[in-house]
Structures are given as structure tokens and as C-alpha cells.
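**Q** Test case, fold it:
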Amino acid sequence: MRKTLCLFSLLCAVCLLAQDNPGKSSGTAGTTIQGCLSQEGAYYYLTDGSGKKIHLVGYNGKGIAGHVGHTVAIAGNWTIKTTDTTVQGSESSAKESQVFKVKSVQHVSDSCKSN
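**A** Now for the predicted structure:
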């Protein structure tokens with residue numbers, strides 16, 4: 001019983017550490033994506049040439065706000081964001097979604113192409 005409790009505690013600690021580091025990515029080489037930058041509330045998105053809307057994270061201090069409505073090239077890495085979706089009084093649940101962690105933003109054009 002004591003081993004089980006110790007193992008459970010260790011597993012919980014690992015899970016909490018993983019949630020505290022949502023911006024960590026397994027890719028080290030990096031990727032560059034290009035498209036139209038938009039803002040919805042406090043969040044930024046890049047819509048690529050195929051119309052796919054990509055949620056951006058880690059952009060603080062990168063001057064991204066001045067590029068809204070412009071075509072940009074964004075260097076960074078794909079990662080997973082985990083969001084707690086637990087309703088009070090029910091079992092724990094979470095949602096994972098793929099996001100793009102921004103390393104740098106490069107201006108391409110003052111406007112976005114229409115699809």
C-alpha cells in the first residue's frame with residue numbers, strides 16, 4: 001500500500017510539472033509558418049494559405065501586436081497546450097490542442113491575401 005501511494009504521488013508530481021511547462025516542445029530545429037495574423041481578445045492566430053487557423057503562444061515581447069492584419073512569417077515550434085476542463089464536483093478532465101510557440105516574427109506584407 002505504501003509503495004502504491006508513493007508511486008501515485010510521484011505520478012501526480014510529474015503531471016503537475018508537465019502542466020506548468022506548456023511551452024516546451026520536443027522539436028529543436030524549429031519551423032517557420034507564414035500567413036495572415038489576427039487577434040481575438042487576448043489571443044493571436046495565424047491563418048495559413050490553406051485557411052487553417054493556428055493558435056499562437058509565447059509571443060510576449062516580440063512586437064506581434066503591430067503586425068495584426070499583415071502577412072507575417074513566424075519562426076517557432078509546434079507544441080501542445082493542455083487546458084483544464086474540469087467542472088466543479090465532477091471527475092478531472094483536460095483538453096489538449098496543438099499550438100505554435102513563437103520565437104520570432106518577420107514582416108512580409110502590409111496586407112493579407114484574400115482566399
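
**Q** need the helices for the chain, in chain order.
**A** Assigned by DSSP state H, the chain shows helices spanning 2-20.

**Q** And the strands in it, which stretches?
**A** 31-40, 43-47, 53-57, 71-84, 94-109 (DSSP state E).

**Q** Show me what the longest one is packed against.
**A** Spelled out, that is strand 94-109. strand 31-40, strand 53-57, strand 71-84 (3 or more CB pairs under 8 Å, 6 or more residues apart in numbering; DSSP states H and E). Where C-beta positions appear, they are placed from N, C-alpha and C, glycine not excepted.

**Q** how about those in JSON lines, adding mean neighbour count and mean pLDDT?
**A** Compiled in JSON lines, these are given as follows (neighbours: other CB atoms under 10 Å; pLDDT from 0 to 100):
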{"stretch": "strand 31-40", "mean neighbour count": "16", "mean pLDDT": "96"}
{"stretch": "strand 53-57", "mean neighbour count": "16", "mean pLDDT": "96"}
{"stretch": "strand 71-84", "mean neighbour count": "16", "mean pLDDT": "95"}
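
**Q** give me the number of residues near residue 64?
**A** Using other CB atoms under 10 Å, residue 64 has 18 neighbouring residues.

**Q** Residue 44 versus residue 68, what's the distance?
**A** 8 Å (CB to CB, to the nearest Å).

**Q** which residues are in contact with both of those two?
**A** Residues touching both residue 68 and residue 44 by CB atoms under 8 Å, 6 or more residues apart in numbering: 37, 38.

**Q** So which of the two has more stuff around it?
**A** Taking neighbours as other CB under 10 Å, residue 68 and residue 44 compare with residue 44 leading, 23 against 14.

**Q** how far away is that one from residue 101?
**A** From residue 44 to residue 101 the distance is 12 Å (CB to CB).

**Q** same thing with residue 68?
**A** 19 Å.

**Q** Residue 34 too?
**A** For residue 34 relative to residue 101 (CB to CB), the value is 16 Å.
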